[in-house]
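Q: Quick one, fold the following:
(2 chains)
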Amino acid sequence: MLCPLWLWAQDDPTLTVSTKKQVMVGERFQVVFEANAEGKNFQAPSFEGFTVVGGPFTSSSSSFSMVNGSMSHTVRCTYTFALQAYQEGTFHVGSATLTVKGKKISSEPFDIKVIPDDGSHAVPSGGGSSSGQGQSQQNTSDPQVSGKDLFIRVIPSKKSVYVGEQVVLTYKLYTKVPVSSLSVERMPSYAGFWTKDITDNNGGSLRQTSEYINGIEYTAAEIQKIVVVPQRSGTLPIDPMIIECIAQIRTESNRQRSMDPFEAFFNDPFFNRNIANVKKELTSQTLNLEVKSLPENGKPASFAGAVGNFNFKSEIDKTELSTNEAFTLTLTVSGTGNVELLQMPTPVFPPDFEVYDPKITMNVNNNVNGLSGTKKAEYLVIPRRAGSFTVPAVEFSYFDPSKGAYQTLSSQPYEIKVEKGKGGDEGSSGGIYASNQEGIKYLGSDIRHIMTGNAHLKPMHTVFFGSAAYFVVLLVLLVLFVILLFVLKKREQLSKDTAANRNRKADKVARGRLKSAAQFLKAKDQDKFYVEMSQALWGYIADKLGIERSKLSMDTVNETMKAKNVPDELTQQFIDTLNSCEFARFAPGSAEAKMDDLYQRGIDVISKAEKVL
Amino acid sequence: MKRYTLLICLLAVMGWGRVYAQENSEEWFNQANAAYNAGNYESAMTLYEQILASEVESVPLYFNMGNTYYKMREYPMAIYYYEKALKLDPSNEEVQTNLAIANQAIVDEIEPVPQSFIVRGWQNARASLSGDQWAWCSIAAFALLLFALFLFLRSRRMGLRKLGFFAGLVFLLVFGLSVVFAMQLKQASENQNQAIIMSPTVTVKSTPNEISVDLFVLHEGTKVDILETNEGWSKIRIANGSVGWLQADFMRPF
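A: Now for the predicted structure:
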């Protein structure tokens, strides 16, 4: 504690690495980075070509020591990685870095050579609980099982498949030594695959066969059988399966193994109790599956991802029924392929049918060649209206990988005759249809159809309003109106003129006639006198009142005079005079005095009328 | 008699010119309709375009072109032609229906500014007839006005004269309204003061300048009113009343 502080950092900080220079495929080993000072920010190199099974495990220790009175302080920091090699070759591992007191130190890069597995890297089972194990540890330093004696393999049924096509992967254990127990350490993740385990579990024991590989007999056992269905295209790797098993091997004590058959006989486990349980980890090879995408060319519209080899049929239980009675349409797809993922085709029913969700049943067989089976969709359908309907054919398409082409299967269409059901709500009780009404179902919407027929084309930008034609029409109307008014005015003027003339001249004409009547009076010519008098009176009143000669009568005169507000007395006088005149005219033989009187009355009434009219 | 002869000659000349220009077009129109019915929208469109190139137009032509573009899923063009058809005949129910359907296929949904019921009533009344129909309506109203005036001036009976007076007032009002409506519709069809956006996405600016502030984004098929135009930029207003500047190339006025 008394010594100077500078001694503490006597050494320059270093980062050293220690590991094996040569490993076998599948072997687990450690890489240890060691620093002699405390640092931070440790950055590991990328261990390309290896799997990091564990780590980094960090540990640090510091110690003080007093040697010859001088104290030294040692710090030790380790970063340990557990790696596993899975590929042969020589791999370069870069340097790790660590920051110590603001200074970056780095380790030396190094190479690791990975050699093929010869089985010598079996991990001895720890603990030594079994007697055999204990014995083996006494006798030999490291009993080993060779990779040639015990290994697993994965055998794909195909190496190049289409998306959706099933592949059977068989994991087999080959062994020449007895194996007491097996446990799956790690299953592959099967990224990009749909999987189904179809291992034939034969009552817990593995089926064993004997197979020859390169002329050597092995006991082969199927550990696992898996159907994988790739879901996307490309090269899809399948990670190795890792299995831990305990192999029972004879330990040869201090002897070398000999090929002497006699000795081999006595070295049989039965005779030889020197049996070691050796725990061994087995790794299958990494598998790369080439997955081809399904061809776009010729893909049917009804294709929904089915790959394999299928049959398709449809069944209907009845085609003639009455309303509200149910029928069942069954679609069946059977064959080899991924039946579980299969999407059933959907039939199209007429809109007036009530369709329930289909009941889907599946029957899948796992056999050596993969999955096969039957999938059924049962549609329960109830027609609600009477009539003749068609359920169109249903198409089912699949991709046949063996032919490399799409296949389309079609069911037959069904004609369904629906009659009005008896009873029910169709109204056998007589005309209760109210419950039967429903709104119109719209099946789709679209734009209205084009206008056909006459196009009614006209030159562009021709607006009738404000055009010459428009003004011409208006002008014509106006001109016609003005002309009409003008013509009417003129005609009125004309007729007005004649009436005024007659009025003005009436007195004159009457007086002329009266004068000639006076002459007849003197000549005592009765007939001519009365004619002249009658004409004088009638003519006067007609001219004066503007009555046409044809319409002239006592009544019209009376009416017209009343309309013109002539005093009743005068009207009566005039009518009387006219009456006397007419009467005398057709009743001859009257006296002269009567003629004279009539003449005087005529003059009198005309003068009076002249004043009023 | 002379003036009737003149009028008949005038009308005949106008009519003959129209008939002569249309003979081919009617033929093409029928062919195009047949192609449309057969689903050959491209060839139908070629024929319709050919008719349009001969400088003629009509509601059925624009309507059918709109339908063809709709079937070809070119909704902005479909809307453009439906709008053109509506300009010729604002009250056509077929065109209105299809325009409404086409407008559902575009991106922008704009809530229109509510308008006072007077403005709405005025617009609805104006839209009830086409421009030409309003012109004929004004002529009919004018004729009736003259008739009422005649009654008023010439009738001897008081009742008829009164009737003539009030009927005349009504017809004068009808005449005035139809003239105003016809005039407005004529102006609308002559000044191309509306447009449809044709570019998929456009940004409306605050001034007629690229570097000015972005106001809002419009998408193809939206109808805008053009308020003024200035050096390749148009001041536009959309249905909700927002106003901004947009490059005139991005839209198609009608």
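Q: Strands of the stretch 1-150 of chain B, residue ranges please.
A: Ranges of strands in the stretch 1-150 of chain B, per DSSP state E, counting those that start in this stretch, are B:56-57.
Q: for chain B, which residue is closest to the average position?
A: residue B:87 (0.9 Å; CA atoms, centre = their mean).
Q: ok, that residue touching residue B:189?
A: Yes: between residue B:87 and residue B:189 there is a contact at 5.4 Å, judged by CB atoms under 8 Å. Glycine gets a C-beta too; all of them are placed from N, C-alpha and C.
Q: State the number of residues packed around residue A:346.
A: 14 (other CB atoms under 10 Å in any protein chain shown).
Q: my bad, should have said residue A:490
A: Neighbour tally, residue A:490, other CB under 10 Å: 9.
Q: Which helix or strand lies directly C-terminal to the helix or strand containing it?
A: Applying DSSP states H and E as the criterion places residue A:490 in helix A:468-523. Note on helix A:468-523: by DSSP H and E, the next helix or strand toward the C-terminus is helix A:526-545.
Q: for the record, mean pLDDT for that next one?
A: Per-residue pLDDT over helix A:526-545 has a mean of 82.
Q: The next helix-or-strand element following it: which residues count as buried?
A: Where DSSP H and E defines the elements, the next helix or strand beyond helix A:526-545 is helix A:554-563. Within helix A:554-563, the residues that qualify as buried are A:557, A:558, A:560, A:561, counting by 16 or more other CB atoms under 10 Å in any protein chain shown.
Q: what sits against the nearest residue to residue A:445 once chain neighbours are set aside?
A: What sits nearest to residue A:445 in space, not counting adjacent residues and going by CB to CB, 6 or more residues apart in numbering or on different chains, is residue B:101, at 7.1 Å. By CB atoms under 8 Å, 6 or more residues apart in numbering or on different chains, residue B:101 lies in contact with A:445, A:446, A:447, B:70.
Q: Show the buried residues in the residues you listed.
A: Buried, going by 16+ other CB under 10 Å: A:447, B:70, out of these.
Q: Hmm, which of the contacts of residue B:101 is lowest in pLDDT?
A: For these, the pLDDT minimum is residue A:445, 80.
Q: where does that residue fall, helix, sheet strand or coil?
A: The local conformation at residue A:445, judged by DSSP: H, G, I helix; E, B strand; the rest coil, is coil.
Q: how much space is there between residue B:158 and chain A?
A: 17 Å (CB to the nearest CB, to the nearest Å).
Q: Neighbours of residue A:582, how many?
A: Using other CB under 10 Å, residue A:582 is surrounded by 16 other residues.
Q: For it, pull up the helix or strand it's in.
A: helix A:568-586.
Q: Give the rounded mean pLDDT of that helix.
A: Mean pLDDT, helix A:568-586: 82.
Q: With only the CA atoms kept, save the next helix or strand after that helix in CSV.
A: Per DSSP H and E, the first helix or strand lying C-terminal to helix A:568-586 is helix A:592-612. Taking Å, rounded to 0.1, in the frame of the first residue of the first chain, the C-alpha atoms of helix A:592-612 are listed here in CSV:
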residue,chain,number,x,y,z
GLU,A,592,-156.2,63.0,-97.1
ALA,A,593,-156.2,64.5,-93.7
LYS,A,594,-154.5,61.4,-92.4
MET,A,595,-151.8,61.8,-95.1
ASP,A,596,-151.3,65.4,-94.1
ASP,A,597,-151.1,64.5,-90.4
LEU,A,598,-148.6,61.8,-91.0
TYR,A,599,-146.5,64.1,-93.1
GLN,A,600,-146.5,66.7,-90.3
ARG,A,601,-145.7,64.0,-87.7
GLY,A,602,-142.8,62.8,-89.8
ILE,A,603,-141.3,66.3,-90.1
ASP,A,604,-141.8,66.8,-86.4
VAL,A,605,-140.2,63.5,-85.2
ILE,A,606,-137.2,63.9,-87.5
SER,A,607,-136.5,67.4,-86.3
LYS,A,608,-136.8,66.3,-82.7
ALA,A,609,-134.5,63.3,-83.3
GLU,A,610,-132.0,65.6,-85.1
LYS,A,611,-131.7,67.6,-81.9
VAL,A,612,-131.0,64.5,-79.7
